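S.K.: Sequence first, predicted coordinates after that:
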Amino acid sequence: MNKGLKILLFVAAFGLLLLSHQPAKAQCAQCAANVATNKASGSKTADGLNHGIMYLLGAPYLAVGVLGYVWYKKYRRKNVDLNMRDERLHLN
């Protein structure tokens, strides 16, 4: 595949991933009980807590992704000279 097609497929897959998100509830039992009582009284603490937990969940994945990208850019090889001989090999 050529480079343009690969980029187009990546952008399309990433776009579909962003469009198909589902809301998640990421709370422990104690947090859920505390938030349920606050939500019943009309407080918006539950939404903030859910967003904070999801942010903390995604931070390590983002850090690993950035480190992987930097490692790939730094250590990939370009224009490697193999120094092969021009003579033919005789395997007899």
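M.R.: Looks like it came in fine. Numbering: from 1, shown residues only.

S.K.: Low-confidence stretches in the chain?
M.R.: Scanning the chain for pLDDT under 70 picks out 1, 24-27, 80, 92.

S.K.: how about the helices in it?
M.R.: Remark: helices assigned in the chain by DSSP state H are 3-19, 29-40, 45-75.

S.K.: Number of residues surrounding Val35?
M.R.: If you count neighbours by other C-beta atoms under 10 Å, Val35 ends up with 19. For the C-beta atoms, the positions are set from N, CA and C on the backbone; glycine is no exception.

S.K.: Which one, of the helices of the chain, ends up nearest to His90?
M.R.: His90 sits nearest to helix 45-75 of all those, at 37.0 Å, using C-beta to C-beta.

S.K.: hmm, back to that, include distance to Leu82 when you put the helices of the chain into CSV, please.
M.R.: Shown next, in CSV, are the helices of the chain (distance: least, C-beta to C-beta, whole Å):
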stretch, distance to Leu82
helix 3-19, 23
helix 29-40, 58
helix 45-75, 18
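
S.K.: for those helices, which one sits closest to Met84?
M.R.: Ranking those by proximity to Met84 (C-beta to C-beta) places helix 45-75 first, at 23.3 Å.

S.K.: Output the contacting helices and strands for that closest one.
M.R.: Helix 45-75 is packed against helix 29-40, with contacts defined by 3 or more C-beta pairs under 8 Å, 6 or more residues apart in numbering; DSSP states H and E.

S.K.: can you give me the offset of the helix it packs on from its chain's centre?
M.R.: For helix 29-40, the distance from its own C-alpha centre to the chain's C-alpha centre is 30 Å (C-alpha atoms, centre = their mean, to the nearest Å).
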